[in-house]
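[1] Okay, structure incoming, though there's no sequence with it:
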């Protein structure tokens with residue numbers, strides 16, 4: 001039995017759910033970041049990035065929380 005159509009529907013639903021989640025996170029009035037159990041960044045909103053604007057290039061998916069904080073502290077100390 002061909003399940004291609006069903007798989008396509010499920011993939012479309014997953015993409016829609018992901019988009020809705022990202023939109024919800026982006027619409028928060030405060031900075032938001034989610035880190036995984038290894039303290040790696042999974043997702044954050046623009047307000048979170050804005051709070052750390054001086055190190056914005058280092059705030060990307062997979063970045064370790066400790067590295068973000070350390071880089072920020074280094075820029076503040078300078």
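    The structure has been received and is ready for your questions. Keep in mind it's a predicted model, so treat the numbers as computed, not measured.

[2] what about residue 42, which SS state?
    Using DSSP: H, G, I helix; E, B strand; the rest coil, the structure places residue 42 in strand.

[3] how many neighbours does it have?
    10 (other CB atoms under 10 Å). C-beta coordinates here come from the backbone N, C-alpha and C atoms, glycine included.

[4] hey, what's the nearest residue to it once chain neighbours are set aside bridged with?
    With sequence-adjacent residues excluded and distances taken as CB to CB, 6 or more residues apart in numbering, residue 42 is closest to residue 34, at 4.6 Å. Note on residue 34: beta-bridge partners residue 43, judged by DSSP bridges.

[5] Relative to residue 7, how far out is residue 34?
    The gap separating residue 34 from residue 7 is 28 Å, by CB to CB, to the nearest Å.

[6] What count of nearby residues applies to residue 62?
    9.

[7] Counting neighbours, what do you get for the residue lying closest to it once chain neighbours are set aside?
    Excluding the flanking residues, the one nearest residue 62 by CB to CB, 6+ apart is residue 40, at 5.2 Å. The local packing of residue 40 (other CB under 10 Å) involves 13 other residues.

[8] now swap in residue 63 and tell me
    Residue 63 has 18 neighbours, counted by other CB under 10 Å.

[9] And the pLDDT for it?
    You'll see residue 63 listed with a pLDDT of 97.
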